[in-house]
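In: can you look at this prediction? I've put the sequence above it.
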Amino acid sequence: MDTIHQPVTFEEARKAAENAARSHVSNFRKDESIPFLAERHLEAEHCWMFFRNEAIVVPPGRLLDWAYCVSKRGSLRSIADFSDDPVRLQEYLLTMSNYFRDRGE
């Protein structure tokens, strides 16, 4: 049986991404006042992409540098963060948007 995904708001998507970030980086957050996510985000037709707050320093080799992609129907994927390559980042945003569209997520 297929799961029916209902549209979510930006705030709901951001909260889902924040929860995923919390599970990945909470051990590295030195100050509880630091938000898990950066303020910036990207948006495509079928998803939003959120990024870890760079004030949370993850030691090299400890963890993939995660970003979080949430479909506009509420599906979440932890993905590689290509923020250091704007062209690749934009391509990946569109790839994820198409991924969610094609799966009805």
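Out: Great, that's in hand.

In: strands of the protein, start to end?
Out: Secondary structure of the chain (DSSP state E): strands at 37-43, 47-52, 66-71, 76-80.

In: wait, which of these is closest to residue 92?
Out: Comparison of the strands of the chain against residue 92 by C-beta to C-beta identifies strand 76-80 as nearest, at 7.1 Å. C-beta: built from backbone N, CA, C; applies to glycine.

In: centre of the chain to the closest one, how far?
Out: 6 Å (C-alpha atoms, centre = their mean, to the nearest Å).

In: got it, and stretch 81-101?
Out: Mean-position distance between stretch 81-101 and its chain equals 11 Å (C-alpha atoms, centre = their mean).

In: give me the pLDDT for the residue nearest to residue 70 when sequence neighbours are not counted.
Out: Nearest non-adjacent residue to residue 70, counting by C-beta to C-beta, 6 or more residues apart in numbering: residue 13, 3.9 Å away. Per-residue pLDDT puts residue 13 at 97.

In: the one 4 residues further on too?
Out: At residue 17, the pLDDT value in this model is 97.

In: next up, the contacts around it.
Out: 37, 48, 50, 68, 70, 76 (C-beta atoms under 8 Å, 6 or more residues apart in numbering).

In: verify the stated contact: the first one with residue 14.
Out: Spelled out, that is residue 37. Yes - under the criterion of C-beta atoms under 8 Å, residue 37 makes contact with residue 14 at 6.9 Å.

In: touching both of these two, which residues are there?
Out: residue 50.

In: who's more crowded, those two?
Out: Neighbour totals were compared for residue 37 and residue 14, and residue 37 leads with 21 against 17 (other C-beta atoms under 10 Å).

In: give the contact list for that one.
Out: Taking C-beta under 8 Å, 6+ apart as the criterion, residue 37 is in contact with 14, 17-18, 21, 50-53, 68.

In: for residue 22, same thing?
Out: Taking C-beta under 8 Å, 6+ apart as the test, what residue 22 contacts is residue 36.
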